[in-house]
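Chemist: I'd like to go over a predicted model; first the sequence, then the structure.
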Amino acid sequence: MSGASWHARIACGREIGAGFLVSERQLLTCAHVVKDSGDTAVSVSFPHHRDLGAIRAHVRAHGGWGERDDDSGDLAVLELERAVPIAPARFAAPDDAYGQPRPRLLAYGFPRGYDEGTLAEYRSTADQLIADEWIQLEAWNAHGQALAPGFSGAAVTHADSGRVVGMVAAAAGASGVRNGRMLPLSVMARYWPRLGELIPTPGHPATAKERLRELVEKAADTDLAHEAERLYLDAAGPFGPPVPPRGFSSLWSAAWYVLWEVDDPRAVARFTDRLAALLDASAAPQAPTATGPAWSPILVEIDHSGAGSDQVLVTVSAYREGHRHPVGSRTLRRDQVREYVQRRIDEAFWHLDFDAQELVAFALPRDWLNEPVAHWQRSTDDPTPLGCSYPLVVTDRSRRTGGLRHQLSRTWQKLDGLNRTALHRVECGTGEKPSSLRFRLRQDGAHLAGFTAPPKAGHVRPHFEASLNAPVPVLMWPRTGCDGAVGKAAADHRDHCTGTAFLDALDAHLATLPPAELPRHVLTLREMADAADEPDKHWARDVQLLWDDPRCFPDTAAHLHSPVA
């Protein structure tokens, strides 16, 4: 401690506290020590350098402390009016405050009667954060100096190395209790990004941390500032530590969480590269859009996560002016998906212009394509089906590969000028080979393939997959339909097949509509079915629309961990 001349006494009105120098002009202290700095000058003095006298300082940043004892972010950055010739504090690795046996920790504070300062000896009770914010301190012995007013903002140093491991935030307050609280370095760095460059983080070179901080600061005034959770989940992946219970207070807090909490050494590079790509995308010229309706899609991507047969990765994004804005991503059980999607879709609307034509699109694995997403409630408080609230379509995740995506985009360029939709009927009991159907669909340039039954029906599945691979840009089917018939019964069955009636109604309603208008028209059909006297008997009650225009979902900056990347 003999060389620790960077300890400082902070005076702000009647409040006395401590602080410590981190550069030639900057100090750290508790926000509550300088809470009156708007009306009162902050005075800083250095007990080991009395010749410097008192120096005025100004608060330049703070962690968002809300003036209650249990509020988070009790950190302030002070800037001196002039530089001082004092070597700043040096920092330990965040884990150095713990270990077995617990190391002795020292705090240099200024309680009443000790203007020159005094030392208190403590140790950490455990490495467990209290409320995701504080480490509990307990007295090293029963007879030394207790933490008291005047220690707030004091650097907590490792007794052997003299390096800083945290900052005193509070004393216990109760008589006879010799505990206190410390803001550890891993928490302090959430609130002031530059501190992250000073703290050793094994495995992460200083250049990588500096680039990360610069990108975070660049993104602070953009929409990306609100995407901390999505960027973190992209970097950490489905097996990384979960998002803290209270989320991230800033983009930097998410970045620091990746630096400190995620074991995967590649996570920092993923976070940095993803943020750089999003910043580049936001600065790029607007991507060209289709000549059809100017859709502003909200994309819900669901894919098997690999974490278990009942686990899926759900990602929600919003597209605005051709750019993708992540909203949220989470690995969930199947029974948790609906509620999560309801909340995230509502959040996604904040990314759309008020006059945008929304389109909710579900990108699903093939075994989910018949999921009744159009019947999911709009929210827990609104029973209106999603499919009766917004234009809603599904897409097949496997079609988002380069080759099929390119073919679909080229097909849509041809469809833009059409004012009608040609329906290719795949009838019940067709004897056509799937390969022959795929050939005809390609040769005829089919706009819409209609089916009499869901994709999983045995008599439909091979022809459905052939249509997906053709690739036909629009497919429609009834979610519930006939079971088909084979042999001699096939011809008689076709005459009274509910699927055939479905295709007849489909042809009558869609023949005069351009393909780009189908999502909006199917919304109307779903509303009509829902409002009918007998909704379950309406032919459009369970209509499923697979509508696939890749131009609505430009991958200008793909997620590194999204299965769409």
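Modeler: Noted; the coordinates are in hand. Residues are numbered from 1 along each chain as shown.
Chemist: shaky segments in the stretch 301-450 of the chain?
Modeler: Residue ranges of the stretch 301-450 of the chain with pLDDT under 70: 306-308, 354, 401-402.
Chemist: Where do the helices of it begin and end?
Modeler: Secondary structure of the stretch 301-450 of the chain (DSSP state H, counting those that start in this stretch): helices at 337-348, 402-415, 434-444.
Chemist: Pick the most deeply packed of those.
Modeler: For the helices of the stretch 301-450 of the chain, average neighbour numbers computed from mean count of other CB atoms under 10 Å are highest in helix 337-348, which has a mean of 18. To be clear about C-beta, it is placed using only N, CA and C from the backbone, and glycine gets the same treatment.
Chemist: just checking, what packs against that helix?
Modeler: Applying 3 or more CB pairs under 8 Å, 6 or more residues apart in numbering; DSSP states H and E, one finds that helix 337-348 makes contact with strand 295-304, strand 311-320, strand 323-333.
Chemist: Residue 357: which of the ones you listed is closest?
Modeler: When these are ranked by distance to residue 357, counting by CB to CB, first place goes to strand 295-304 at 5.6 Å.
Chemist: Return the list of strands paired to the closest one, each annotated with direction.
Modeler: Strand 295-304 has the following strand partners under DSSP bridges: strand 311-320 (antiparallel), strand 357-364 (parallel).
Chemist: Got phi/psi on residue 522?
Modeler: Main-chain dihedrals, residue 522, degrees, to the nearest 10: phi -70, psi -30.
Chemist: what is the closest residue to it other than its chain neighbours paired to in the beta sheet?
Modeler: Distance criterion CB to CB, 6 or more residues apart in numbering; nearest residue to residue 522, sequence neighbours excluded, is residue 545 at 4.9 Å. Applying DSSP bridges to residue 545 gives these bridge partners: residue 476.
Chemist: I'd assumed residue 519 was in contact with residue 545.
Modeler: Yes: assessed by CB atoms under 8 Å, residue 545 is found in contact with residue 519 at 6.7 Å.
Chemist: Could you name every residue contacting both of those two?
Modeler: Common neighbours of residue 545 and residue 519, using CB atoms under 8 Å, 6 or more residues apart in numbering, are 392-393.
Chemist: which one of the helices and strands packed on helix 337-348 lies closest to residue 69?
Modeler: Each of these has some distance to residue 69 by CB to CB; the shortest is strand 323-333, at 32.2 Å.
Chemist: Tell me what angle the closest one forms with strand 311-320.
Modeler: Between strand 323-333 and strand 311-320, the angle comes out at 160 degrees (axes from the mean of the first three to the mean of the last three CA atoms, to 10 degrees).
Chemist: Which strands border strand 323-333, and is each parallel or antiparallel?
Modeler: Strand pairing for strand 323-333, using DSSP bridges, gives strand 311-320 (antiparallel).
Chemist: returning to what we had before: just send the helices and strands packed on helix 337-348 back as TSV, with distance to residue 215 too.
Modeler: Formatted as TSV, the helices and strands packed on helix 337-348 follow (distance: least, CB to CB, whole Å):
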stretch	distance to residue 215
strand 295-304	25
strand 311-320	20
strand 323-333	15
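Chemist: and of those, who's closest to residue 38?
Modeler: Here strand 323-333 is closest among the helices and strands packed on helix 337-348 (CB to CB), at 35.8 Å.
Chemist: what's near enough to touch residue 505?
Modeler: Residues near residue 505 by CB under 8 Å, 6+ apart: 539-540.
Chemist: Which helix or which strand is home to it?
Modeler: Following DSSP states H and E, one finds residue 505 within helix 498-510.
Chemist: and that helix, what's its mean pLDDT?
Modeler: For helix 498-510, mean pLDDT rounds to 87.
Chemist: if we can go back for a sec, which of the strands paired with strand 295-304 sits closest to residue 87?
Modeler: Among the strands paired with strand 295-304, if distance is taken as CB to CB, the winner is strand 311-320, at 47.9 Å.
Chemist: related to what we said a few turns ago, right, and the helices and strands packed on helix 337-348 - which one's nearest residue 366?
Modeler: The nearest among the helices and strands packed on helix 337-348, by CB to CB, is strand 295-304 at 10.6 Å.
Chemist: can I have the closest one written out in CSV, keeping just the CAs?
Modeler: What follows is strand 295-304, C-alpha atoms only, in CSV (Å, rounded to 0.1, in the frame of the first residue of the first chain):
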residue,chain,number,x,y,z
TRP,A,295,-44.0,-5.5,-46.9
SER,A,296,-42.2,-4.8,-43.6
PRO,A,297,-41.8,-8.4,-42.3
ILE,A,298,-41.6,-9.6,-38.8
LEU,A,299,-39.8,-12.9,-39.1
VAL,A,300,-40.2,-15.7,-36.5
GLU,A,301,-37.6,-18.4,-37.0
ILE,A,302,-38.0,-21.8,-35.3
ASP,A,303,-35.5,-24.6,-35.6
HIS,A,304,-34.5,-27.7,-33.6
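Chemist: That one relative to helix 337-348, how many degrees between them?
Modeler: If you take the same axes, to 10 degrees, strand 295-304 sits at 150 degrees to helix 337-348.
Chemist: Off-centre distance for strand 295-304?
Modeler: Centroid displacement of strand 295-304 relative to its chain, using CA atoms, centre = their mean, to the nearest Å, is 14 Å.
Chemist: Please apply the same query to stretch 470-478.
Modeler: How far stretch 470-478 lies from its chain's middle: 32 Å, per CA atoms, centre = their mean.
Chemist: what's the first-to-last distance across that stretch?
Modeler: As for stretch 470-478, its first-to-last residue distance stands at 21 Å under the measure CA to CA, to the nearest Å.
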